[in-house]
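**Q** could you look at this predicted model? Sequence included:
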Amino acid sequence: MESQSYDRDIEIVEVKPIEGKDLVFIEGFPDIGLVGAIAASYLIDKLQLEEVGYIDADLLPPIISVRGERIKELIRIYKGGRIVAIVSDIPLPAAIVKPLGSRLVSWAKSKNAELFLSLSGLPEPNRLNIDKPKIFVLGSTPELTEKLVQVDSVSKFKEGFIAGIKGIILREGARMNVNTAIVLAQSHYNYPDPGAAAEVVTYLSKLLKIDIDVGPLLESAEELKLKLRDLMRRTDQMMQGIQKSKELELPPVYL
Amino acid sequence: MESQSYDRDIEIVEVKPIEGKDLVFIEGFPDIGLVGAIAASYLIDKLQLEEVGYIDADLLPPIISVRGERIKELIRIYKGGRIVAIVSDIPLPAAIVKPLGSRLVSWAKSKNAELFLSLSGLPEPNRLNIDKPKIFVLGSTPELTEKLVQVDSVSKFKEGFIAGIKGIILREGARMNVNTAIVLAQSHYNYPDPGAAAEVVTYLSKLLKIDIDVGPLLESAEELKLKLRDLMRRTDQMMQGIQKSKELELPPVYL
Amino acid sequence: MESQSYDRDIEIVEVKPIEGKDLVFIEGFPDIGLVGAIAASYLIDKLQLEEVGYIDADLLPPIISVRGERIKELIRIYKGGRIVAIVSDIPLPAAIVKPLGSRLVSWAKSKNAELFLSLSGLPEPNRLNIDKPKIFVLGSTPELTEKLVQVDSVSKFKEGFIAGIKGIILREGARMNVNTAIVLAQSHYNYPDPGAAAEVVTYLSKLLKIDIDVGPLLESAEELKLKLRDLMRRTDQMMQGIQKSKELELPPVYL
Amino acid sequence: MESQSYDRDIEIVEVKPIEGKDLVFIEGFPDIGLVGAIAASYLIDKLQLEEVGYIDADLLPPIISVRGERIKELIRIYKGGRIVAIVSDIPLPAAIVKPLGSRLVSWAKSKNAELFLSLSGLPEPNRLNIDKPKIFVLGSTPELTEKLVQVDSVSKFKEGFIAGIKGIILREGARMNVNTAIVLAQSHYNYPDPGAAAEVVTYLSKLLKIDIDVGPLLESAEELKLKLRDLMRRTDQMMQGIQKSKELELPPVYL
Amino acid sequence: MESQSYDRDIEIVEVKPIEGKDLVFIEGFPDIGLVGAIAASYLIDKLQLEEVGYIDADLLPPIISVRGERIKELIRIYKGGRIVAIVSDIPLPAAIVKPLGSRLVSWAKSKNAELFLSLSGLPEPNRLNIDKPKIFVLGSTPELTEKLVQVDSVSKFKEGFIAGIKGIILREGARMNVNTAIVLAQSHYNYPDPGAAAEVVTYLSKLLKIDIDVGPLLESAEELKLKLRDLMRRTDQMMQGIQKSKELELPPVYL
């Protein structure tokens, strides 16, 4: 239904035909803590995936990206082995979220994808004091969720809302009968979180049985931690005495 | 008329066909005090209704709901016996109110529905001092209203405005010759009101001759009351002296 | 012209067919001092006009009105003898003003209406000190204006602007060759003005040769006057010293 | 091109057919100092032009004008001899500027117009100290400009921007091969400027070889001048000391 | 794709047919430091290019430009030898950027253009202390970039974003197989920068083997520099002590 009203504005361009058996699609569109964006870019780099296509849409802003002296599309598709990774240099404009999510899943279905993974962060206020962020997973079917938790004994995402394209991909997977899933790591809300991304990559390496060293991500994480601790300390002194009375605690209600 | 301009954007999906004689539709879209939402969810839970469908629309935001480790549509349809309950995890976007209200009534008509009930709250400033909120009812025809008040001797909703989808459902019922009605309980305006929901459920149990224990709702209500009383006391102290001159009393005018 | 672009969104529904010779249409859409709304509602009540139809439009808000335990359309049509009265429970949304005005006049034309009257208020800053508000009239043709002033020797509306649907109805009458006219009474700008409405009703009773007692309207007016005088006195004390330098008087310019 | 997307919404209605040889169209849509509006209205009055048509558009606001006890269209067309004057009671809504400008020029072309004149003001900060505002002219072709400056030795408008419908009319004239021109007088920016209008009318009387007394305009101008001088004096005292540091002078740049 | 939805609103009008071999298109739409606008205008002036066409669009504002007593289109096309230069008197409205960029490249392609150059500025905070701004280039293909850097040994633009029509032209060149490139000079962000424009012109003179004296541009640059130095000095005194705590340094993250 959405496809009819919006699809003419979205184009998935395969510069090299994207083919293969048991394809695993991985998207890292930027959101909480840039966890998905960092993890997907890291995968592309370490697995040396090849740029094979891009996505264009009227609703994307008039900006191009230049990387390594080359003009780049804003939303790019990479491939290597059975992995197809999708990354974006900009957060998705709100109006594109529903039609693009729907298009991506039907595109993956047309390729007989084995799995479509969304990578993301789960905002955790206490993140600074957590050494090893926890991973939560949710699949488009209970069976898929069960399989996903058995890898590395991660947790299920049990209750809540998932906003944005990652939610739409999950739902469209359920509707179109495509195995879609989300992998979330506890994350900073306001800062890029390479430590959370490292946990996501580690999980993926086990799930997909590929070998990746997350050392560089962990180093970035350590560096960030020191800077943030320092920042917090200074900020705390400034903020003391401000915003003390916003609490309005209500009892849990039957909903 | 509205159907033609809007309907292509709204889809009522019956995952399991919704069939049966004398069907009673009950909607609990969130509004004043979340009374309808709480009451409908409680019914679904206590009567163990089965999830049988959902409503999708371009105008709904790109969010999914996760409950009990499962992906859920935002607006869901449940069924059990002759009861069909519709609930939403989010307040309806304004632009969807008129077309959805119209669609729901014509959909119910196509099922030869016996009755379409909207559940809601009636804002009552003095709610905190009311132990047992009163129930008001209004049907799409005077005959239906008469029938509804005879159950448990509740009051008629006599004068005023009903905004939102609950008003539209009433009016479309009158226009399309479908028995639609609204059941309102005196309610908090700013807080979820399980006590008001309990009265609505009690009324429904008599109207529909089903047996439901509202104990848990009443407990939540009691807990809320204590917290609110405490909150009020503290707020009152803060607010004293503020906003004293907004009154501009005019004599009643012939309108 | 407007009809083509907008008309599909406006529906004039005659629940009982509106027929008859020499029909006089009277609209009391809410505007300055609610004069038209009060006068038209008073007529409907005192002449015991029967509800015979309504107007619906996509652009109307999703609200229903409940009066006397009954669901009401927002814009209703009443009839009795040769009088057809149109009233609205809400001020008209801006976008509906031009198409609705045009539709109403062509609808009246299709009924061979003798006259289409708009009732309204003329804001008068000194209203509080005026015992008997003056009536001003203007017809879609000079001939009609002449006829209207001969009734009860009221004044002509000579110079100025008439905004909103009442202006559109006048102009469309002139364009479509339908006798349309406006009847205005000096009125409060910010308060409902039953006294102004009383003068309008009195004028109509002479124009249409019908007998109506405006006693209740005059009583409401008296009551309002006392309250406003009191309000003014208190407000004046507060406002003294504020807003003293907004005057920027320019000489009259040749326009 | 614009015509196709907008024209259906604009109607030029000739209540009396507008015909004749060597027609000169003059528009006085309100802008800077209302110079064009004052000058065109003055012409209509003194030359006793006859109201022969009007312009309507969906984009015009729902307002009518009443003048001399008669309902008036907002944008009116007057004619007398070979002069066709167009005036508006309201500033043109922005969205109508381009399509209306284009329509007016092609309409004038269809009448084999000899000339289409826009009357306007040129904002002059030092206006208060200028006794006789200068006139500037610009034609749609250099040849026309030359002819226009030879009348009464006025100045050419040499460099700058002309915004609004007067600019569009000039450009469309150049594109469609219709002689269009603008006549500007130095003018107040914030106040109606009858003195500037007087100069425009004087210029027109020479250009079109018609006889018009501008005495009443000059009297209004004198009166305005005294009031403004007084206003300035009082304002200056208030403003002293405020807004002193907005200057940021840059050298002229090669553009 | 974009062409279909937008193109009807953009018209490239060739008043004189634009023909020839090995055409080089140069656009100087206004952006950072007006570098492209100044450089392109300077070329047009010094090479005495002839005005041969213009671009019109519904989305352009209703403004005309007057230069040398003549009405000018806002976006003009000039030609001389194999050079086709495009300049605009106003910054492009955002909504026109994507469709116009796409149209320009396909138009150039239809002319078998050898090259399409965008001229622009690269914001450089330290610009005031740079005597000779550096030139950066980027072509739509790596081969083109290589050729461009060999002229006068300028630098490659390696990493970053290019927003606006200059980015779109680069990308559309890559997509449509047209040689497009951008030439950027280090520039002031907030002030027109004739010195940066001089470097761009110098580069072009070598690339295109044409002879142009940039003396006047350099003089303007020198004059600007003195004024800005003075301005900075005065501003610095004012700003001391303000805005000291906006830094929030984060470690580089793997993206």
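**A** Done, it's in. Numbers count the residues shown, from 1 in each chain, chains lettered A, B, ... in the order given.
**Q** from now on I want contacts and neighbour counts done on CA atoms only, so please keep to that.
**A** Fine.
**Q** do a quick rundown of the helices in the stretch 1-150 of chain A.
**A** Taking DSSP state H, counting those that start in this stretch as the test, the helices found in the stretch 1-150 of chain A are A:2-6, A:35-46, A:97-110, A:142-150.
**Q** same deal with the stretch 151-255 of chain A?
**A** For the stretch 151-255 of chain A, helices defined by DSSP H, counting those that start in this stretch occupy the ranges A:165-176, A:194-207, A:215-239.
**Q** if we compare the helices of the stretch 1-150 of chain A, which one ends up closest to A:Ile18?
**A** Of all the helices of the stretch 1-150 of chain A, it is helix A:97-110 that lies closest to A:Ile18, at 10.2 Å by Cα to Cα.
**Q** and the helices of the stretch 151-255 of chain A: which comes nearest chain B?
**A** Among the helices of the stretch 151-255 of chain A, the nearest to chain B by Cα to the nearest Cα is helix A:165-176 (5.4 Å).
**Q** take that closest one, keep the C-alpha atoms, and write them as CSV.
**A** Listed in CSV are the C-alpha atoms of helix A:165-176, where the atom choice follows Å, rounded to 0.1, in the frame of the first residue of the first chain:
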residue,chain,number,x,y,z
ILE,A,165,13.2,2.5,10.1
LYS,A,166,14.5,-0.3,12.3
GLY,A,167,11.0,-0.8,13.7
ILE,A,168,9.5,-0.6,10.2
ILE,A,169,11.9,-3.2,8.9
LEU,A,170,11.0,-5.6,11.7
ARG,A,171,7.3,-5.1,11.1
GLU,A,172,7.5,-5.4,7.3
GLY,A,173,9.5,-8.6,7.8
ALA,A,174,6.7,-10.0,9.9
ARG,A,175,4.2,-8.9,7.3
MET,A,176,6.0,-10.1,4.2
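**Q** what's that helix in contact with?
**A** Among residues not part of helix A:165-176, those counted as contacts by Cα atoms under 8 Å, 6 or more residues apart in numbering or on different chains are A:97-98, A:100-102, A:104-106, A:118, A:139-141, A:178-182, B:62-64, B:71-73.
**Q** so A:Lys166 versus A:Tyr189, what's the distance?
**A** Counting by Cα to Cα, to the nearest Å, the gap between A:Lys166 and A:Tyr189 amounts to 17 Å.
**Q** of those two, who's got more company?
**A** Between A:Lys166 and A:Tyr189, counting by other Cα atoms under 10 Å in any protein chain shown, A:Lys166 is the more crowded of the two (28 against 18).
**Q** got the helices of the stretch 151-255 of chain A as TSV, with distance to D:Phe25 and mean pLDDT columns?
**A** Formatted as TSV, those follow (distance: least, Cα to Cα, whole Å; pLDDT from 0 to 100):
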stretch	distance to D:Phe25	mean pLDDT
helix A:165-176	58	96
helix A:194-207	71	97
helix A:215-239	69	82
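**Q** could you point out which of these sits nearest C:Asp31?
**A** Nearest to C:Asp31 among those is helix A:165-176 (46.6 Å), distances taken as Cα to Cα.
**Q** what angle sits between the closest one and helix A:97-110?
**A** Interaxial angle of helix A:165-176 relative to helix A:97-110 (axes from the mean of the first three to the mean of the last three Cα atoms, to 10 degrees): 50 degrees.
**Q** which helix or strand in chain A has the lowest average pLDDT?
**A** For chain A, the helix or strand with the lowest mean confidence is helix A:2-6, at a mean of 38 (criterion: mean pLDDT, DSSP states H and E).
**Q** A:Pro125 - how many residues pack around it?
**A** Taking other Cα under 10 Å as the neighbour definition, A:Pro125 ends up with a count of 12.
**Q** that one: what's it in contact with?
**A** A:188-189.
**Q** chain neighbours aside, what residue packs nearest to the residue in the stretch 1-150 of chain A that chain D sits nearest to?
**A** When distances are taken as Cα to the nearest Cα, the stretch 1-150 of chain A approaches chain D most closely through A:Asp58, which lies 21.2 Å from it. Nearest residue to A:Asp58 in three dimensions, chain neighbours excluded: A:Asp9, at 5.6 Å (Cα to Cα, 6 or more residues apart in numbering or on different chains).
**Q** residues of the stretch 51-200 of chain A that sit close to chain E?
**A** Counting by Cα under 8 Å from any Cα of the partner chain, the stretch 51-200 of chain A comes close to chain E at A:58, A:62-73, A:192, A:194.
**Q** from those, which is closest to D:Leu218?
**A** Within those, proximity to D:Leu218 (Cα to Cα) peaks at A:Pro62, which comes in at 54.6 Å.
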